[in-house]
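[1] Below are the sequence and a predicted model; questions follow.
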Amino acid sequence: MVTQEQRKRQLAREKFLRQQQRRTAARRKARARNSVIASVLGVIVIGSVALYTTGVLKNDDDKSNASADVTPSASATSKAPDPCAKPAAGKIKTETWKKEPAITIDKSAKYTMKLATTCGDIDIALKTSAAPHTVNSFDFLASKGFFDHTKCHRLTTNGIYVLQCGDPTGAGSGGPGYTIPDENLKDTSLKGGSYPAGTVAMANTGQKHTGGSQFFLVYKASPLPASYTPFGTISASGMKVLNKIAAAGESTGAGDGAPNATVVINKATVTKS
């Protein structure tokens, strides 16, 4: 005969187990989400909707991206040839900083960023007034040579379509030592739950205000929530380079891995125009 007190204890145990199961399931989902687009990164795909980094995406000017509809994805067994050159000689910087640098850019001026990569130059018009913290951080890091000789470590070709760069470790876990706030999340280009081709945006950990140095370049419209600071637009010539990288596919054949192309940023430069 089960007493009322025993029944209460049994119900309490069952409730606790249900709570633990829900928490375990939530942790699994969080790990899956953070492994694909975190700045500690990465780019994540949940079904056909993805989030990243390490790590990981849109921009205002779709007209310059008419050639962005590429369907890359070389299988792991038939790896596409590497379309890129050998990296320039040099070492990756390892310096980090405890605090976000003070804003020194002119918020009313126009700035551009050039990524001189082994696959060609990618020119980016930066959204200075809409994302001043982000642009200022890139100006600071580029002036310190932080991005020079670093690999673009992740290419996603399934669900979302992005190339992720900006990690000095090349493994999706690196950063500058500080974080910057989210910005420009109401950019008109993000309407419709998609980051358009040509967008450059910050990767993050899945939490607010956790952007560091990792960013992603969108080569084809990608369904993503408006959680990743869009801070630049890739030029038409830059999109040709990005599409060449995407067309070579990624190393796993599963749609998310290291690019088959040897994508190394030989030099990153931010210029006031």
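    Thanks, I have the structure now. All of these numbers come straight from a predicted model, not from anything done at the bench.

[2] ok, C84 touching T262?
    Yes - with contact defined as CB atoms under 8 Å, C84 counts as touching T262 (4.8 Å). C-beta: built from backbone N, CA, C; applies to glycine.

[3] what do these two both touch?
    118-119 (CB atoms under 8 Å, 6 or more residues apart in numbering).

[4] Show me where the stretch 51-200 of the chain has its helices.
    In the stretch 51-200 of the chain, the helices defined using DSSP state H, counting those that start in this stretch lie at 132-143.

[5] Strands of that one, start to end?
    111-117, 120-126, 150-151, 154-156, 162-165, 194-195, 199-202 (DSSP state E, counting those that start in this stretch).

[6] roughly how far apart are I103 and D139?
    9 Å (CB to CB, to the nearest Å).

[7] which residues touch V135?
    Contacts of V135 by CB under 8 Å, 6+ apart are 105, 111, 126-128, 231, 270.

[8] One more pass at 6 Å, please.
    Listed by CB atoms under 6 Å, 6 or more residues apart in numbering, the contact set of V135 reads 111, 126, 128.

[9] can you check Q207 too?
    Counted by CB under 6 Å, 6+ apart, Q207 has zero contacts.

[10] Okay, now the unreliable bits of this protein?
    Within the chain, the stretches with pLDDT under 70 are 1-79.

[11] if you set the cut-off to 90 instead, what comes out?
    Residues of the chain that meet the criterion pLDDT under 90 lie in 1-81, 191-192, 273.

[12] I figured V162 was touching T156, is that so?
    Yes - the pair V162 / T156 is scored as a contact, 5.2 Å apart, by CB atoms under 6 Å.

[13] returning to what we had before: closest one to T210 among the strands of the stretch 51-200 of the chain?
    Comparing those against T210 with CB to CB, the closest turns out to be strand 199-202 (9.0 Å).

[14] Sheet partners, orientation included, of that closest one?
    Here strand 199-202 is paired, per DSSP bridges, with strand 215-218 (antiparallel), strand 230-234 (antiparallel).

[15] okay if I get the ones you listed as JSON lines plus mean neighbour count and distance to K99?
    Shown next, in JSON lines, are the strands paired with strand 199-202 (neighbours: other CB atoms under 10 Å; distance: least, CB to CB, whole Å):
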{"stretch": "strand 215-218", "mean neighbour count": "32", "distance to K99": "20"}
{"stretch": "strand 230-234", "mean neighbour count": "27", "distance to K99": "20"}
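
[16] Out of these, which is closest to G145?
    strand 215-218 (16.7 Å).

[17] I'd like the next helix or strand past the closest one.
    Where DSSP states H and E defines the elements, the next helix or strand beyond strand 215-218 is strand 222-223.

[18] Okay, and the beta partners of the closest residue to S235 other than its chain neighbours?
    Spatial nearest neighbour of S235, chain neighbours left out: D123 (4.2 Å); criterion: CB to CB, 6 or more residues apart in numbering. With DSSP bridges as the criterion, D123 is bridged to K114.

[19] Tell me how far D123 lies from G172.
    If you go by CB to CB, the gap between D123 and G172 works out to 25 Å.

[20] cool, A247 as well?
    23 Å.
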